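Q: here you go, sequence then predicted model.
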Amino acid sequence: MTTSLAADDLVRPVPFLASVMQIEPQWIDYNGHLNMAYYNVMFDRAIDELWLKLGIGPAYMKARNGSTFTAECHVRYIREINLGDPVQVSVLLVEADEKRLHTFEELRHATEGWLSATSENMTIHIDMSARKTAPFPPDIRARIDALANAHRTIARPEGIGRKVAMPSK
C-alpha cells in the first residue's frame with residue numbers, strides 16, 4: 001500500500017469513496033433492519049480506509065507511535081438499510097488543523113444511490129506515548145492539508161453542523 005497521494009489519486013475535489021460493504025446477518029436487529037451500532041462500524045471502516053491512504057493507519061501507529069481517536073460523533077439515521085443491501089461510504093474532510101480532523105460521511109445504497117445515514121466526526125491526533133493530543137508530523141500534515149484543500153472546493157452536503165434538538169414550532 002502506498003501513502004503517496006498522487007499515486008492514489010486521492011487529492012481530487014470529490015469525497016473519498018470507501019470500498020463497497022455488505023450488511024452482515026448478525027447486524028440485523030429484532031426490527032428486521034440494520035442495528036444502529038453497525039452504522040458506526042461501517043463509518044469506522046471507511047475512515048480506516050482513508051487513514052491508510054493518508055498514512056495514519058496501523059503501520060503509522062506501530063512505526064511512529066501516533067494514532068487518532070474520535071472525540072465527537074453525530075450520526076443521523078435517514079433511511080433503513082436491510083440485509084443484502086450493498087452500501088458505500090463517502091468521506092468529506094471538512095476541515096483540518098494541526099491536531100484535528102473534521103469529517104462528514106454519507107452512507108448510501110451502493111447500487112441505487114439513496115442516502116441511508118450520515119456521520120459527522122471530530123477526530124484528534126494522539127501521541128500514544130503520552131496518550132495526549134499532539135500535532136501531526138509535518139509529512140502527514142502536508143498530506144492532510146492537500147486533501148483538505150481539495151475538499152474545500154466541494155459543495156457542503158446538507159446536515160453538516162446540525163445539532164440534536166427538538167424541531168422548532
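A: Received the coordinates, thanks.
Q: who's in contact with the nearest residue to His109 once chain neighbours are set aside?
A: Taking CB to CB, 6 or more residues apart in numbering, and ignoring the residues beside it in sequence, His109 has Asp85 as its nearest neighbour in space, at 5.9 Å. To be clear about C-beta, it is placed using only N, CA and C from the backbone, and glycine gets the same treatment. By CB atoms under 8 Å, 6 or more residues apart in numbering, the contact set of Asp85 is 22-23, 109-110.
Q: and if we set it to 10 Å?
A: Asp85 makes contacts with 21-23, 33-34, 109-112, 116, as judged by CB atoms under 10 Å, 6 or more residues apart in numbering.
Q: most widely separated two among those residues?
A: Across the contacts of Asp85, the longest distance by CB to CB is 17.9 Å; it joins His33 and Thr111.
Q: so for these two, which sits in the more crowded spot?
A: His33 (17 against 11; other CB atoms under 10 Å).
Q: and the gap between the more buried one and Tyr77?
A: Distance, His33 to Tyr77, using CB to CB, to the nearest Å: 10 Å.
Q: and the residue nearest to Asp145 when sequence neighbours are not counted, what does it touch?
A: Distances taken as CB to CB, 6+ apart put Ala96 closest to Asp145, at 6.8 Å, once the chain neighbours are dropped. Ala96 makes contact with 102-103, 123, 125, 136, 141, 144-145, 147-149, 151, according to CB under 10 Å, 6+ apart.
Q: which residues in this structure form strands?
A: Along the chain, the stretches classed as strands by DSSP state E are 16-17, 21-22, 66-77, 86-96, 100-109, 115-127, 132-133.
Q: now these in JSON lines, with mean pLDDT and distance to Leu54?
A: As requested, those are exported to JSON lines (pLDDT from 0 to 100; distance: least, CB to CB, whole Å):
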{"stretch": "strand 16-17", "mean pLDDT": "96", "distance to Leu54": "9"}
{"stretch": "strand 21-22", "mean pLDDT": "96", "distance to Leu54": "20"}
{"stretch": "strand 66-77", "mean pLDDT": "97", "distance to Leu54": "10"}
{"stretch": "strand 86-96", "mean pLDDT": "97", "distance to Leu54": "9"}
{"stretch": "strand 100-109", "mean pLDDT": "98", "distance to Leu54": "9"}
{"stretch": "strand 115-127", "mean pLDDT": "98", "distance to Leu54": "11"}
{"stretch": "strand 132-133", "mean pLDDT": "98", "distance to Leu54": "17"}
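Q: what residues are up against the residue nearest the centre of the chain?
A: The structure's the chain has its C-alpha centroid closest to Ile47; by CA atoms, centre = their mean the separation is 3.7 Å. Neighbour list for Ile47: 16, 18, 68, 70, 89, 91, 101, 103, 105, 119, 121, 123 [criterion: CB under 10 Å, 6+ apart].
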